[in-house]
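Engineer: okay, here's the prediction I keep looking at, along with the sequence it came from:
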Amino acid sequence: MQIRSGRTTAPPSLDSLDANIIEILRTNGRATNQEIAERLSVTAATVSARLQKMEEGRVMRVVAVTDFSAHGYNVIIALGVKVQGRAVGDVGRDLADLAQVLSVNVMNGDYDIELLVALHDFSEVQRFLFEHIAVIDGVTHIASGIAVDIVKFEFNVVPL
């Protein structure tokens, strides 16, 4: 079951060929249909049809991904945000508009919203918290944690 914007949708059905195509593209997003077909012993037309079906069904999408440091981001912080006096979803959308925010998650727990934020250096943390997060209407409390090491950061499966 998938949940998107409060809607529940049936899970897509992927067979081993679909999974193998996705795995090849994870390793090399520039692989051509012909290259994929040769590796999987199928025709390029079959690969093309499968890719089209998966893209139309919102099962997968090929995108470019860069490393944080390639953009000059050297600090990753996780923020817990408590909201009061305003709809959590509205506050989340305002937070999502900030360029430094990589992820916004509406939560059930200690915090209403959790964020993953990338900054260039430590000198930006306080300014970002006070001048960008705290000023958003509805934000009543912010708790931050700074990543000292990234053990795993893998988004092979994401909402499309």
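Structural biologist: Arrived safely, thanks for sending.

Engineer: surely Lys53 is in a strand?
Structural biologist: No: going by DSSP: H, G, I helix; E, B strand; the rest coil, the assignment for Lys53 is helix, not a strand.

Engineer: state the pLDDT value of it.
Structural biologist: For Lys53, the model assigns a pLDDT of 91.

Engineer: and the strands in this structure?
Structural biologist: Remark: strands assigned in the chain by DSSP state E are 2-4, 7-9, 75-83, 101-106, 113-119, 139-146.

Engineer: so of these, which one's packed in deepest?
Structural biologist: Compared across the strands of the chain, strand 113-119 shows the largest average neighbour count, a mean of 20 (mean count of other CB atoms under 10 Å). Yep, even glycine has a C-beta here, placed from its N, CA and C like the rest.

Engineer: tell me what that strand is packed against?
Structural biologist: On a contact count with 3 or more CB pairs under 8 Å, 6 or more residues apart in numbering; DSSP states H and E, strand 113-119 meets strand 75-83, helix 88-96, strand 101-106, helix 125-128.

Engineer: what about 7 Å?
Structural biologist: strand 75-83, helix 88-96, strand 101-106 (3 or more CB pairs under 7 Å, 6 or more residues apart in numbering; DSSP states H and E).

Engineer: which residues touch the closest residue to Ala143 other than its chain neighbours?
Structural biologist: Nearest residue to Ala143, sequence neighbours excluded (CB to CB, 6 or more residues apart in numbering): Gly80, at 4.2 Å. Gly80 is in contact with Asp110, Tyr111, Glu114, Ala143, counting by CB atoms under 7 Å, 6 or more residues apart in numbering.
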